[in-house]
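*Asks:* fold the following, please.
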Amino acid sequence: MCWFDALDEGSIRSFEELARAFDARFITCNRVPRPLEALLSMAIREGEILKTYSDQYWEMYNEVDGDFEDVAVRTFKVGLPTKHDLKKSLIMKSASNMRQLMDRLEKYKRLEGDQIQGKGKAKAFLKKKDPRGGGYHNDRPRKDFPSHLASEGVHIINSLFKEPVH
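*Replies:* Residues are numbered from 1 along each chain as shown. Next up is the predicted model:
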């Protein structure tokens, strides 16, 4: 307000002039737009996950000036490895706009996240029912199983983890 009050009367004739004077006085760091080539040169690196690549891609896309949505949709696919499932899917049925691409990308990111989480765990397995009826068999005697385990619809699931769970 001090700056505004200190302006000479009649020195500003329009709102545009006021905006330019304000920018010249207070705006010190402006975003420099990136060229389209920066977006076109992006590719997923060896060992990089889809989420990281897509986050970097969208950040770069937002920094490029101009309306290049159609180019961005096509070049995202180019940056993926040949054998990537998302690339195969985009080759079979191409996304026509950014919204379709983002929707498909979200599905593959969730799938990749689930696969990464599953690598640290062995598959869960269901113990087989004792053929004599009653509880479930393993090395423990039958009398150690509580009576409610023998009820219909109750299952025991064991999971093995490669790393300790705390």
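*Asks:* okay, now the domains of this structure?
*Replies:* What automatic domain parsing lists as the domains of the chain is 36-119, 121-166.
*Asks:* weakest of those domains by average pLDDT?
*Replies:* The minimum mean pLDDT among those belongs to domain 121-166 (a mean of 52).
*Asks:* now do the host helix or strand of E16: everything it contacts.
*Replies:* E16 belongs to helix 15-26 when assigned by DSSP states H and E. Residues from elsewhere that reach helix 15-26, judged by C-beta atoms under 8 Å, 6 or more residues apart in numbering: 3, 7, 12. The way it works is simple: take the backbone N, C-alpha and C, and place the C-beta from them, glycine included.
*Asks:* now the next helix or strand after it: buried residues?
*Replies:* Counting by DSSP H and E, the next helix or strand C-terminal to helix 15-26 is helix 36-40. The neighbour-count check on helix 36-40 (16 or more other C-beta atoms under 10 Å) flags 36, 39-40 as buried.
*Asks:* what is helix 36-40 packed up against?
*Replies:* Counting by 3 or more C-beta pairs under 8 Å, 6 or more residues apart in numbering; DSSP states H and E, the packing neighbours recorded for helix 36-40 are helix 50-63, helix 69-78.
*Asks:* in the longest one, what's buried?
*Replies:* What it means is helix 50-63. Neighbour-count burial for helix 50-63 [16+ other C-beta under 10 Å]: 50-51, 53-54, 57, 60-61.
*Asks:* need the longest helix for this structure.
*Replies:* Using DSSP state H, we find that the single longest helix of the chain is helix 98-119.
*Asks:* return the alpha-carbon coordinates of it using CSV.
*Replies:* Taking Å, rounded to 0.1, in the frame of the first residue of the first chain, the C-alpha atoms of helix 98-119 are listed here in CSV:
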residue,chain,number,x,y,z
MET,A,98,-5.1,-35.9,-22.1
ARG,A,99,-8.1,-37.0,-19.9
GLN,A,100,-8.2,-40.5,-21.6
LEU,A,101,-4.4,-40.8,-21.2
MET,A,102,-4.5,-39.9,-17.5
ASP,A,103,-7.3,-42.3,-16.8
ARG,A,104,-5.4,-45.2,-18.4
LEU,A,105,-2.2,-44.1,-16.8
GLU,A,106,-3.8,-44.2,-13.3
LYS,A,107,-4.9,-47.8,-13.8
TYR,A,108,-1.4,-48.9,-14.8
LYS,A,109,0.2,-46.9,-11.9
ARG,A,110,-2.1,-48.7,-9.4
LEU,A,111,-1.3,-52.0,-11.0
GLU,A,112,2.4,-51.3,-10.8
GLY,A,113,2.1,-50.2,-7.2
ASP,A,114,0.3,-53.4,-6.3
GLN,A,115,3.0,-55.5,-8.0
ILE,A,116,5.8,-53.6,-6.1
GLN,A,117,4.0,-54.2,-2.8
GLY,A,118,3.5,-57.9,-3.6
LYS,A,119,7.2,-58.5,-4.3
